[in-house]
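Engineer: A structural model of the following input is requested.
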Amino acid sequence: MTTASLRILDSDGTVTECPELPLAPGEVDLTALYRDLVLTRRLDTEAIALQRQGELGLWPSLRGQEAAQVGAAHALAAQDMVFPTYREHGVALCRGIDPSALFGIFRGTTLGGWDSRAARFHLYTLVIGAQTLHAVGYAMGVARDGAVGNGDPGRDTAVLAFLGDGALSEGETNEAFVWAAVQQLPVVFFCQNNQWAISAPYATQSRVPAAQRAAGFGFPGVRVDGNDVLACYAATRDALHRARSGGGPTLIEAVTYRVNAHTTADDDGRYRGEEETRRWAALDPIARLRAHLRPSDEIEREADAFAERLRAACRALPEPDPDSPFLHTYAEPDAELRRQLGDYRGGAA
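Structural biologist: Okay, the predicted model is just below:
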């Protein structure tokens with residue numbers, strides 16, 4: 001495989017033909033993509049400000065990775081299932097998750113208990129690499145339910161698992177790759193290679209591009225420019241279609257950069273230089289699509305109103321409901337869980 005990153009939208013906003021990722025004119029709504037990119041960044045920016053003001057305990061920023069997340073999210077079908085890490089705020093937004101639910105995790109008012117069935121978006125996963133096994137387990141269920149390879153676009157289902165480059169060093173991830181490959185499971189592994197696993201650069205984890213690892217497990221790998229929202233969309237679209245059709249797993253490596261620190265508790269100045277960050281910031285994914293699209297100011301005004309709602313929603317988050325840990329443990333509570341809830345309440349459930 002080539003080690004070059006596939007690209008459709010150049011850094012100056014020019015669209016070029018990419019034979020490996022054919023994209024028909026009008027196939028994707030560029031204005032919708034741009035809107036979600038802008039709102040995702042505004043969500044991230046406001047969350048950092050709220051953390052600095054003491055309203056959130058912590059926040060893992062995604063700045064610089066918006067194109068990878070929004071592009072991948074726009075390729076999903078309604079029935080597809082997403083397994084995120086703890087930084088997929090843009091994917092959550094695209095899947096209809098209320099941002100206040102994300103804030104609740106980092107404010108300490110929720111365990112992240114949104115209804116993942118309705119949104120088709122699993123709960124955030126803090127244990128590095130664990131979500132890859134969760135995704136494979138779900139994909140096994142999809143395959144055993146016969147919801148793959150039928151040719152029915154409304155039924156055939158794929159699973160999209162997000163991971164960072166640091167997760168490639170975890171045993172769970174490699175186990176997930178093995179299971180997905182040998183059972184030909186409908187799962188796409190989307191690696192946002194943002195160059196840093198906290199303070200460890202990618203070069204200390206691997207001598208080859210992340211996408212190249214897929215060949216060792218027996219499934220395709222593709223490397224794309226992670227700051228190109230169109231390439232991320234097209235690569236994910238193709239991989240999800242292959243998965244739904246019974247073609248098995250794919251590993252996508254979106255080469256991007258984490259512009260901000262790992263979290264608001266991290267000092268990235270201790271392990272990387274300002275010149276590197278400035279160089280990547282000049283490849284900003286939103287500026288790239290803006291240069292191509294030349295949008296009106298309407299989306300920026302929408303983002304301002306969105307920010308006001310975010311601030312108000314965060315400060316209005318209620319104290320956690322004592323029953324909340326029981327609500328989304330299973331799709332439907334069984335007798336044992338109801339008994340435990342009843343014991344917790346001190347009476348019959």
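
Engineer: and the residue nearest to residue 262 when sequence neighbours are not counted, how many neighbours?
Structural biologist: Among residues not flanking residue 262 along the chain, residue 198 sits closest, at 4.8 Å (C-beta to C-beta, 6 or more residues apart in numbering). (Glycine included, C-beta is placed from N, CA and C.) Here the count is done by other C-beta atoms under 10 Å, and residue 198 has 14 residues near it.

Engineer: just checking, residue 198 touches residue 166?
Structural biologist: Yes - judged on C-beta atoms under 8 Å, residue 198 makes contact with residue 166 at a distance of 7.0 Å.

Engineer: what's the spacing between the residue nearest to residue 262 and residue 63?
Structural biologist: The spacing between residue 198 and residue 63, counted by C-beta to C-beta, to the nearest Å, is 16 Å.

Engineer: and the strands in the stretch 1-150 of the chain?
Structural biologist: Taking DSSP state E, counting those that start in this stretch as the criterion, the stretch 1-150 of the chain carries its strands at 81-83.

Engineer: pLDDT value on the spatially closest residue to residue 155 that is not a sequence neighbour, please?
Structural biologist: With C-beta to C-beta, 6+ apart as the criterion, residue 155 has its nearest non-adjacent residue at 5.8 Å, and that residue is residue 147. Reading off the confidence values, residue 147 has pLDDT 98.

Engineer: next, residue 147: phi, psi?
Structural biologist: Main-chain torsions, residue 147, degrees, to the nearest 10: phi -100, psi 40.

Engineer: ok, the spatially closest residue to residue 35 that is not a sequence neighbour - contacts?
Structural biologist: Distances taken as C-beta to C-beta, 6+ apart put residue 299 closest to residue 35, at 5.1 Å, once the chain neighbours are dropped. Counting by C-beta atoms under 8 Å, 6 or more residues apart in numbering, residue 299 touches 31, 34, 35, 38.

Engineer: return the distance of the third one relative to residue 218.
Structural biologist: It refers to residue 35. Per C-beta to C-beta, residue 35 is found 39 Å from residue 218.

Engineer: for the two, indicate the residue with more neighbours.
Structural biologist: Using other C-beta under 10 Å, the more surrounded residue of residue 35 and residue 218 is residue 35, with 17 against 14.

Engineer: that one is in contact with residue 300, isn't it?
Structural biologist: No - between residue 35 and residue 300 there is no contact under C-beta under 8 Å: 10.1 Å.

Engineer: low pLDDT regions in the stretch 51-200 of the chain?
Structural biologist: Residue ranges of the stretch 51-200 of the chain with pLDDT under 70: 111-113.
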